[in-house]
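Asks: return a 3D structure for these sequence lines:
(one chain, ligands or ions: 1)
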Amino acid sequence: MRIPFIAGNWKMNLTHLEAIQFIQDLGYEFKNKNNIDVCICPPFTALRSVKNIIDADKLSIKIGAQNMHWEESGAFTGEISPLMIAALGMDYVIIGHSERREYFFETNDIVNKKVKIAFKHSLKPIMCVGESLAIRESGKAKEFVLGQVTECLKDMDIKNIFDLTIAYEPIWAIGTGKNATSSDANDMCSAIRNKVADLYNNSAAELLRIQYGGSVKPSNITELMAMPDIDGALVGGASIKVEDFTAIINY
Ligand code: PGA
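Replies: This is a model prediction of the structure:
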């Protein structure tokens with residue numbers, strides 16, 4: 001039985017002061033539940049402040065970073081290490097978001113290194129994959145996404161797979177208002193699950209949580225969550241609106 005998992009990716013939005021206001025408002029609306037996992041991923045600068053409020057108010061909301069470096073320390077000006085993220089008490093870290101791949105040239109090899117170091121520091125990665133519109137139109141979306149899964153999981157220990165979440169986010173659906181149909185999204189999530197069964201085994205594939213991401217909103221979450229292979233959502237734009245995010249959690 002997979003517990004549904006809704007995560008909010010705030011991207012480069014909200015100062016730490018706005019984030020404090022947001023988490024207080026969300027906490028007010030949010031009723032602690034044990035039949036769903038909820039996580040928010042604020043920018044680095046707000047992680048500490050938001051975490052303090054989650055702890056003080058005993059909210060059952062998990063918190064994660066949106067990225068990190070694959071080395072533990074060193075001469076990497078401007079980067080944030082997994083040690084630093086772990087020391088802040090983070091639960092999750094988003095790895096390989098398509099915006100990181102597109103604007104910061106992250107490759108499957110980099111994603112693979114980051115996922116491995118995340119596990120080393122007991123951070124649970126939300127590993128993102130997804131195809132562009134051109135790839136979808138060429139009819140090669142499945143081949144492409146399953147190739148990403150295979151390369152990003154290269155030489156990954158099976159014991160770690162149980163703490164992995166994969167987010168399938170078709171790039172053409174991110175921030176565009178155009179979501180994949182629930183059956184197309186489910187089709188890809190099912191193919192990803194089968195790929196993980198091939199790479200590892202059936203029980204790992206059965207336990208793996210796969211999220212859909214791309215223009216998830218209150219009006220489409222119910223239909224997406226009704227799909228057998230979609231276990232949750234990675235929500236961008238709608239995750240920084242308390243009302244929308246609350247409605248999504250309560251789908
Ligand atoms: P969106 O973003 O919900 O704004 O489309 C999703 C994401 O990028 O994770």
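Asks: quickly list what the nearest residue to residue 3 once chain neighbours are set aside is bridged to.
Replies: Closest residue to residue 3 apart from its sequence neighbours, by C-beta to C-beta, 6 or more residues apart in numbering: residue 37 at 5.5 Å. From N, CA and C alone the C-beta is placed, and that goes for glycine too. Following DSSP bridges, residue 37 is listed with bridge partners residue 5.
Asks: OK, contacts around residue 37?
Replies: 3, 4, 5, 6, 62, 232 (C-beta atoms under 8 Å, 6 or more residues apart in numbering).
Asks: and the fifth one, how many residues sit next to it?
Replies: The burial metric for residue 62, expressed as a neighbour count using other C-beta atoms under 10 Å, is 17.
Asks: okay, the contacts of residue 37 in TSV with distance to residue 13 next?
Replies: As requested, the contacts of residue 37 are exported to TSV (distance: C-beta to C-beta, whole Å):
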residue	distance to residue 13
3	27
4	24
5	21
6	18
62	19
232	21
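Asks: out of these, which are buried?
Replies: 4, 5, 6, 62, 232 (16 or more other C-beta atoms under 10 Å).
Asks: I'd say the third one and residue 233 touch.
Replies: Yes. With contacts counted by C-beta atoms under 8 Å, residue 6 reaches residue 233, the gap being 5.4 Å.
Asks: shared neighbours of the two, which are they?
Replies: What both residue 6 and residue 233 touch, as defined by C-beta under 8 Å, 6+ apart, is the set 211, 248.
Asks: mind listing the helices for the stretch 101-250 of the chain?
Replies: Applying DSSP state H, counting those that start in this stretch to the stretch 101-250 of the chain gives helices spanning 108-120, 133-137, 141-152, 158-161, 182-199, 202-207, 221-225, 242-249.
Asks: so for the ligand, which of those helices sits nearest?
Replies: Judged by C-beta to the nearest ligand atom, the one of the helices of the stretch 101-250 of the chain that comes nearest to the ligand is helix 242-249, at 9.8 Å.
Asks: which other helices and strands does that closest one contact?
Replies: strand 5-9, helix 16-29, strand 232-235 (3 or more C-beta pairs under 8 Å, 6 or more residues apart in numbering; DSSP states H and E).
Asks: quick one: the first one to helix 16-29, angle?
Replies: In terms of direction (axes from the mean of the first three to the mean of the last three C-alpha atoms, to 10 degrees), strand 5-9 departs from helix 16-29 by 150 degrees.
Asks: which other residues reach strand 5-9?
Replies: 36-41, 64, 66, 92, 94, 97, 126, 165, 167, 209, 211, 213, 231-236, 239-240, 245, 248-249.
Asks: at 6 Å what do you get?
Replies: For strand 5-9, contacts defined as C-beta atoms under 6 Å, 6 or more residues apart in numbering pick out 37-41, 209, 231-236, 239, 245, 249.
Asks: same check on stretch 42-58?
Replies: Contacts for stretch 42-58 (C-beta under 6 Å, 6+ apart): 10, 16, 19, 20, 23, 27, 61, 63, 80, 88, 89.
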